[in-house]
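**Q** All I have is the shape, not the residue letters:
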């Protein structure tokens, strides 16, 4: 595969992984405060799935950036906690679709997850 095709393919796979993540965000229960209770990463041969579980339904925005290719997910009304901080450690070195991940408190109301 040429470098250009690899970049396009990688971008599509990252976008697909982001879409899978969005579809797999689950609701544990309803509560007054959004709290992330679990983050899981499952690599497979054709995609990597990232799921986020919370104590209530999450509001989020997703977009892709290039140079370098990455998927960004902003989760609203959530504070950074140890569960979210542990997400990066779940990315395997041999994952073909996600090279690394980072998470941080983007603003007082938003946590930002970046998948490279």
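**A** Yep, it's here. Small disclaimer: the values here were computed from a predicted structure and weren't measured. Residues are numbered from 1 along each chain as shown.

**Q** my read: residue 49 touches residue 39, true?
**A** No. Between residue 49 and residue 39 there is no contact under C-beta atoms under 8 Å: 11.4 Å. From N, CA and C alone the C-beta is placed, and that goes for glycine too.

**Q** Give me the more crowded residue out of the two.
**A** Applying other C-beta atoms under 10 Å to residue 49 and residue 39 shows that residue 39 carries more neighbours, namely 21 against 16.

**Q** nearest residue to the more buried one other than its sequence neighbours?
**A** Closest residue to residue 39 apart from its sequence neighbours, by C-beta to C-beta, 6 or more residues apart in numbering: residue 87 at 4.6 Å.

**Q** where do the helices sit along this structure?
**A** 3-24, 82-85 (DSSP state H).

**Q** Pick out the shakiest of the ones you listed, pLDDT-wise.
**A** Comparing mean pLDDT over the helices of the chain, the weakest stretch is helix 3-24, at a mean of 64.

**Q** where does the chain dip in pLDDT?
**A** For the chain, residues meeting the criterion pLDDT under 70 lie at 1-8, 16-33.

**Q** Please enumerate the strands of it.
**A** In the chain, the strands defined using DSSP state E lie at 26-27, 36-43, 48-54, 59-65, 70-76, 101-107, 110-115.

**Q** Taking strand 101-107 as reference, get the angle to the second one.
**A** The one in question is strand 36-43. For strand 36-43 against strand 101-107, the angle by axes from the mean of the first three to the mean of the last three C-alpha atoms, to 10 degrees is 150 degrees.

**Q** so what secondary structure elements neighbour strand 36-43?
**A** In terms of contacts (3 or more C-beta pairs under 8 Å, 6 or more residues apart in numbering; DSSP states H and E), strand 36-43 is packed against strand 48-54, helix 82-85.

**Q** Out of the ones you listed, which one sits most buried?
**A** With neighbours defined as mean count of other C-beta atoms under 10 Å, the helices and strands packed on strand 36-43 peak in mean count at strand 48-54, which reaches a mean of 20.

**Q** chain center to that strand, what's the gap?
**A** How far strand 48-54 lies from its chain's middle: 7 Å, per C-alpha atoms, centre = their mean, to the nearest Å.

**Q** Same question for stretch 100-108.
**A** Put simply, stretch 100-108 sits 10 Å off its chain's centre (C-alpha atoms, centre = their mean).
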